[in-house]
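Peer 1: Sequence plus predicted model, see below.
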Amino acid sequence: MPLAWYPRLANATPQQRSHWQLAGGGYGIHWPDIDEDLSTEGLLRGAHAPQSQ
């Protein structure tokens, strides 16, 4: 997936992107430095990040 589909990740530093952890029993990925959570299902489907309000 293009990094541009995930603006928080795209705007994060490489160090922030490399600091991640599995979440939800392996059903998600969490980047604590940028407070981003993505589901592994969504990533596998190629879903874009939800739009911010």
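Peer 2: Happy to help now that I have it.
Peer 1: rest of the way, CA atoms for contacts and neighbours
Peer 2: Noted.
Peer 1: Angles on the backbone of residue 23, please.
Peer 2: Taking degrees, to the nearest 10, you get phi -130, psi 160 for the backbone angles of residue 23.
Peer 1: show me the contacts for it.
Peer 2: Residue 23 makes contact with 29, 30 under the criterion C-alpha atoms under 8 Å, 6 or more residues apart in numbering.
Peer 1: For it, give the beta-bridge partners.
Peer 2: residue 28 (DSSP bridges).
Peer 1: tell me the SS of the residue most central in space within the chain?
Peer 2: The centre of the chain sits closest to residue 38, judged by C-alpha atoms, centre = their mean, with a distance of 4.5 Å. For residue 38, the secondary structure call by DSSP: H, G, I helix; E, B strand; the rest coil comes out as strand.
Peer 1: doesn't residue 32 make contact with it?
Peer 2: No: using C-alpha atoms under 8 Å, residue 38 is not in contact with residue 32, being 11.7 Å away.
Peer 1: coming back round to it: for the residue nearest to the centre of the chain, what are its contacts?
Peer 2: With C-alpha under 8 Å, 6+ apart, residue 38 has these contacts: 28, 29, 30, 49.
Peer 1: do you know how far the second one is from residue 3?
Peer 2: Yep, that's residue 29 we're talking about. Plainly put, residue 29 is 15 Å away from residue 3 if you go by C-alpha to C-alpha, to the nearest Å.
Peer 1: Now that residue 33 has come up, it's in contact with residue 19, right?
Peer 2: Yes: the criterion here is C-alpha under 8 Å, and residue 33 meets it with residue 19 at 7.3 Å.
Peer 1: Strands along this structure, start to end?
Peer 2: For the chain, the strands defined by DSSP state E occupy 21-23, 28-31, 36-39.
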